[in-house]
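Chemist: Need coordinates for the following:
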Amino acid sequence: MPEWIIVILRSLTLIALLFFMIKWLGTKQLSQLNIFETISGIVLGGIAAIHTIDPNTNFVYAAIGMIIWFIVPYGVEKIALKSKSFRDFTEGKSTVFIQDGKIMEDNLKKEGYSTDDLLEKLRDNNIFLASDVEFAVLEPSGSLSVLPKRENLPLTAKDLGINLSPKKEPQTVIMDGKVLLEPLANLSLNTNWLETELDKLNVAIENVFLGQADSDGQLFVDLFDDHIAVPAPTEMPLLLATMKKCQADLELFTLATENHESKEIYRRNSEKMQQAIDLIYPYLK
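Modeler: Just a heads-up that it's a prediction; the model follows:
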């Protein structure tokens, strides 16, 4: 068999083997590599590269080496899940750099960080004054987690005493002109609803590049043709405006009628409508 065919076959086999090994090790391997996992990744890649380009090497030895370098980190990871001391040894521990607004110089030196390195990490977190930080810790992955002082934290709806409606994950219901049934079902919606919403926008499904629906039943679409503008959903503002108009009409009827019984009925229903508006307003604004 020609050597170039052997190289191709070895490459495809080792690529498949590497793929399944990394997949079995978990997605953590791709996002947060500790020292042990980094070494394992380098060695696995090296074994695959050497035995790919050299057809004279024993392919069985390559497979054995890769399996060993897979089993060891896999076993280490499983043990680390059950033992914190072992996990601290293999993955490292967090190191506090700033505590109660005070920089811990000894911890900086221990981790080999200079003042410039610390300031750079703070700038990565959009903080330009070390005095604005209440607490900062260097994670084993090398990232710096920062808690700004309370007066430097952005205001939230909770701080302002504002009640907001809960939000669920939006679902992609149309992609490349095709309907995705599972995301629709996740929102308890169906194709009839989708067709109705598209009719309101005067848009055909096959012309939609991307369509997303939120938990409030609003549909947002992007078309293949970028020159066509699609109006934003108006169901929620229209519902709120309609409810306010009904409440205003009831108040007007209360003032217009001379019949005391009718006036009382209009007044009570006006108050009920106002209560309904106050209750649903956070969900519609």
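Chemist: how about low-confidence regions in the chain?
Modeler: Low-confidence segments of the chain, defined by pLDDT under 70: 1, 3-4, 7, 22-38, 164-165, 232-234, 283-285.
Chemist: quick one, domains of it?
Modeler: Domain assignment for the chain by automatic domain parsing gives 3-89, 95-152, 171-232, 236-284.
Chemist: Kindly reformat those as JSON lines containing mean neighbour count and distance to Ile162.
Modeler: Just so you know, the C-beta spots here come from the backbone N, C-alpha and C atoms, and that holds for glycine as well. Output for those, formatted as JSON lines (neighbours: other Cβ atoms under 10 Å; distance: least, Cβ to Cβ, whole Å):
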{"stretch": "domain 3-89", "mean neighbour count": "14", "distance to Ile162": "35"}
{"stretch": "domain 95-152", "mean neighbour count": "14", "distance to Ile162": "19"}
{"stretch": "domain 171-232", "mean neighbour count": "14", "distance to Ile162": "18"}
{"stretch": "domain 236-284", "mean neighbour count": "14", "distance to Ile162": "8"}
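Chemist: and Asn163, which of these is closest to it?
Modeler: domain 236-284 (4.9 Å; Cβ to Cβ).
Chemist: Run through the helices of the stretch 1-150 of the chain in chain order.
Modeler: 3-25, 28-31, 35-53, 59-82, 84-91, 105-110, 115-124 (DSSP state H, counting those that start in this stretch).
Chemist: Of all the ones you listed, which one is nearest Asp214?
Modeler: Here helix 28-31 is closest among the helices of the stretch 1-150 of the chain (Cβ to Cβ), at 27.8 Å.
Chemist: Could you export the domains of the chain as JSON lines, including distance to Leu160?
Modeler: Shown next, in JSON lines, are the domains of the chain (distance: least, Cβ to Cβ, whole Å):
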{"stretch": "domain 3-89", "distance to Leu160": "35"}
{"stretch": "domain 95-152", "distance to Leu160": "15"}
{"stretch": "domain 171-232", "distance to Leu160": "22"}
{"stretch": "domain 236-284", "distance to Leu160": "12"}
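Chemist: so which of those domains comes closest to Gly161?
Modeler: Nearest of those to Gly161, taken as Cβ to Cβ: domain 236-284 at 11.8 Å.
Chemist: mind putting the helices of the stretch 1-150 of the chain in JSON lines, distance to Ala130 included?
Modeler: Shown next, in JSON lines, are the helices of the stretch 1-150 of the chain (distance: least, Cβ to Cβ, whole Å):
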{"stretch": "helix 3-25", "distance to Ala130": "38"}
{"stretch": "helix 28-31", "distance to Ala130": "28"}
{"stretch": "helix 35-53", "distance to Ala130": "28"}
{"stretch": "helix 59-82", "distance to Ala130": "33"}
{"stretch": "helix 84-91", "distance to Ala130": "28"}
{"stretch": "helix 105-110", "distance to Ala130": "12"}
{"stretch": "helix 115-124", "distance to Ala130": "6"}
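Chemist: Let me know which of those helices is the nearest to Lys149.
Modeler: Closest to Lys149 of the helices of the stretch 1-150 of the chain is helix 115-124 (Cβ to Cβ; 12.8 Å).
Chemist: For that closest one, list the C-alpha coordinates in PDB.
Modeler: C-alpha atoms of helix 115-124 as PDB (Å, rounded to 0.1, in the frame of the first residue of the first chain):
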ATOM      1  CA  THR A 115       1.100  45.200  40.300                       C
ATOM      2  CA  ASP A 116       0.800  45.800  36.500                       C
ATOM      3  CA  ASP A 117      -0.500  42.200  36.100                       C
ATOM      4  CA  LEU A 118      -3.200  42.900  38.700                       C
ATOM      5  CA  LEU A 119      -4.200  46.200  37.200                       C
ATOM      6  CA  GLU A 120      -4.500  44.500  33.800                       C
ATOM      7  CA  LYS A 121      -6.800  41.800  35.200                       C
ATOM      8  CA  LEU A 122      -8.900  44.500  36.800                       C
ATOM      9  CA  ARG A 123      -9.200  46.400  33.500                       C
ATOM     10  CA  ASP A 124     -10.400  43.100  31.900                       C
END
